[in-house]
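Make a model of this:
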Amino acid sequence: MSSYPLLRLRRGRGYPLLNGHPWLFSGAFTSLPRDLAFGAVVDVATESGEWLARGHLNADNTIAFRALTFDPDEAIDEDFYVRRIEAALAVRRLLPAQTNAYRLIHAEADYLPGLIADRYDRWLVTQFHTAGVERQREAILSALERALSADGVLGILTRDDVKAREREGLLVGGAGVARGMAPDMIEIVENGLRYTIDPLGGQKTGFFLDQREKRARVRELAPEASSLLNLFAYSGGFALAGLAGNPALATVNVDSSAPSLDLSRRSYILNGFHPDDERHEFVDSDVTRYLQRAVANGRRFDIVVVDPPAFAKSLAQKDRALRGYASLNALATQTLAPNGLLLTCSCSGAVNAAEFEEAVRQGLWRAGRRHARLVASFGPSVDHPTLPGFSEDRYLKALLLTVE
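Below is the predicted model of the structure:
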């Protein structure tokens, strides 16, 4: 017999779990006990008592249940986490050998909801987004040590500064080293390019690993270009990818964060490019204001990359976000040279791919650039997989267009 509390669902509300979806909302249950600790492990059954899944419960969140296993004989203990981490490692072996930075654990997609673990060379940076993984933090950290014991990992860092924790009733704190040791800065390699990252103070966990494939495409296309505008540049990843494909490329990195631009300069130097070279600009500015000045001054670029932070983290923000994407892409397109390339991205989970594409189309038309062709779109990658039927997880959308 299971030692986990058993919760029953209303009639017909087990359909998501039966189809592999990892979530249940609070209204699916006949009742939710208030005496269970946040993040407790529970079993879920149909109204007739048929066992469905085992996972974490948070009765105070709209997403009340997150499935961990569909095997009634699988206990949720440290060994469970070791098995999950080892399975995730097996998938990441499909990544190119010349890359030592990748997402090791991608939450629900690796059947570990709420947990993020990014690998940067010999260090891991983790995020505990939900009450379930927070409650089992020590077991998970120990499991990571065990699963990676032969891989030369020197330290595990934690980032508790993510606002997603608030929705789970968790404290939003700081960052620190949970296991071993870690330097202030880490050097990583991606497709042969070197980047400097700040694992404790940088954005996300230190680097935008989910844009690897898009950076590779920019690198492929750069030989046909003479200039690249990198908007919301952070640590200059897209500009450096362009330079790897065309060392003569003129680049402009625009970001409102001076520390981010400092990371860009560091990474330029690492790869043999001189940030003081007149061909390269690092502009500390609000992106919209920069674009307005660029349009007024008639500046044009062969490649424009638009990679903003999330405009909508909830459905309530979606309409405003779509208007924002249309306006931003209208401005960005006005700085694009004839027959130029626009790579535009959205990481808003509340905006789906079709909605984002329509917002971009509106922006193009508003800018008077109606002859555009969509030549590529990007979805999940090897280290940012998603589950079949779990569209809520597909936060990142990117479109590559040629614009006459």
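
and F378, what does it touch?
Contact partners of F378, counting by C-beta atoms under 8 Å, 6 or more residues apart in numbering, are 213-214, 396-400. For every residue, glycine as well, the C-beta is placed using N, CA and C.

Then G379?
Counted by C-beta under 8 Å, 6+ apart, G379 has contacts 353, 386, 394, 397.

next one: Q362
Q362 neighbours (C-beta under 8 Å, 6+ apart): 326, 330.

How about the strand or helix carrying it, which residues are buried there?
According to DSSP states H and E, Q362 maps onto helix 353-366. For helix 353-366, the buried set under the neighbour-count rule, 16 or more other C-beta atoms under 10 Å, comprises 353, 355-357, 359-364, 366.

Also stretch 286-302?
Result for stretch 286-302 [16+ other C-beta under 10 Å]: buried residues 287, 290-291, 294-295, 299, 301-302.

For it, list the C-alpha coordinates in CSV.
As requested, the backbone C-alpha atoms of stretch 286-302 are provided in CSV (Å, rounded to 0.1, in the frame of the first residue of the first chain):
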residue,chain,number,x,y,z
ASP,A,286,16.6,51.7,-23.6
VAL,A,287,16.0,49.8,-26.9
THR,A,288,13.0,51.7,-28.0
ARG,A,289,14.7,55.1,-27.6
TYR,A,290,17.8,53.7,-29.5
LEU,A,291,15.6,52.5,-32.3
GLN,A,292,13.8,55.8,-32.6
ARG,A,293,17.2,57.6,-32.9
ALA,A,294,18.4,55.1,-35.4
VAL,A,295,15.4,55.5,-37.6
ALA,A,296,15.6,59.3,-37.4
ASN,A,297,19.3,59.1,-38.4
GLY,A,298,18.7,56.7,-41.2
ARG,A,299,20.8,53.9,-39.8
ARG,A,300,20.4,50.5,-41.5
PHE,A,301,21.7,47.0,-40.7
ASP,A,302,21.8,43.8,-42.7
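
That one: how far from the chain's middle?
How far stretch 286-302 lies from its chain's middle: 28 Å, per C-alpha atoms, centre = their mean, to the nearest Å.

How about stretch 155-171?
15 Å.

Show residues contacting that stretch.
38-39, 58, 60-61, 114, 122-131, 134, 141, 144-145, 172-182, 199-200, 205.

can you rerun that using 6 Å?
Residues outside stretch 155-171 that contact it (C-beta atoms under 6 Å, 6 or more residues apart in numbering): 38, 58, 60-61, 123-127, 129-131, 134, 144, 172-182, 199, 205.

Give me the nearest residue to L157, chain neighbours excluded.
Residue nearest to L157 in three dimensions, not counting chain neighbours: V125, with 4.7 Å by C-beta to C-beta, 6 or more residues apart in numbering.

circling back to that earlier point, separate out the buried members of the contacts of stretch 155-171.
38, 58, 61, 123-127, 129-131, 134, 144, 175, 178-179, 182, 199, 205.

list the contacts for P380?
Contacts of P380 by C-beta under 6 Å, 6+ apart are T386.

The one 4 residues further on now?
Residues near H384 by C-beta under 6 Å, 6+ apart: 103, 106, 210.

Apart from its chain neighbours, what residue comes closest to the last one?
Spatial nearest neighbour of D210, chain neighbours left out: H384 (4.9 Å); criterion: C-beta to C-beta, 6+ apart.

Could you give the backbone dihedrals for the one you found?
phi -130, psi 60 (degrees, to the nearest 10).

Walking through the stretch 51-200 of the chain, point out its strands one by one.
51-57, 63-69, 101-106, 115-120, 123-128, 155-159, 175-180, 186-190, 193-197 (DSSP state E, counting those that start in this stretch).

just to revisit the earlier point, selecting buried members of the contacts of G379 in ChimeraX, what would you type?
Buried members of the contacts of G379, identified by 16+ other C-beta under 10 Å, are gathered into one ChimeraX selection as follows:
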select :353,386,394,397
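
Go through the strand of greatest length in the chain and flag the buried ones.
Using DSSP state E, we find that the single longest strand of the chain is strand 336-346. Residues of strand 336-346 classed as buried under the neighbour-count rule (16+ other C-beta under 10 Å) are 336-337, 340-346.

same check, this time on stretch 28-42
Using 16+ other C-beta under 10 Å as the test for burial, stretch 28-42 gives 28-29, 32, 38-42.

how about CSV for the residues you listed, with distance to S227 and secondary structure added?
Shown next, in CSV, are the buried residues of stretch 28-42 (distance: C-beta to C-beta, whole Å; DSSP: H, G, I helix; E, B strand; the rest coil):
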residue, distance to S227, secondary structure
A28, 53, helix
F29, 57, strand
L32, 57, coil
F38, 52, coil
G39, 50, coil
A40, 56, strand
V41, 55, strand
V42, 56, strand
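
between those residues, which is closest to L263?
G39 (34.6 Å; C-beta to C-beta).

what sits against that closest one?
By C-beta under 6 Å, 6+ apart, the contact list for G39 reads 56, 131-132, 135.

are any of those residues buried, and which?
56, 131-132, 135.

As a markdown table, these with distance to P96 and pLDDT would be great.
Below are these laid out as a markdown table (distance: C-beta to C-beta, whole Å; pLDDT from 0 to 100):
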| residue | distance to P96 | pLDDT |
| --- | --- | --- |
| H56 | 34 | 98 |
| A131 | 36 | 97 |
| G132 | 33 | 97 |
| R135 | 36 | 97 |
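
I'd like to know which of these are part of helices.
131-132, 135 (DSSP state H).
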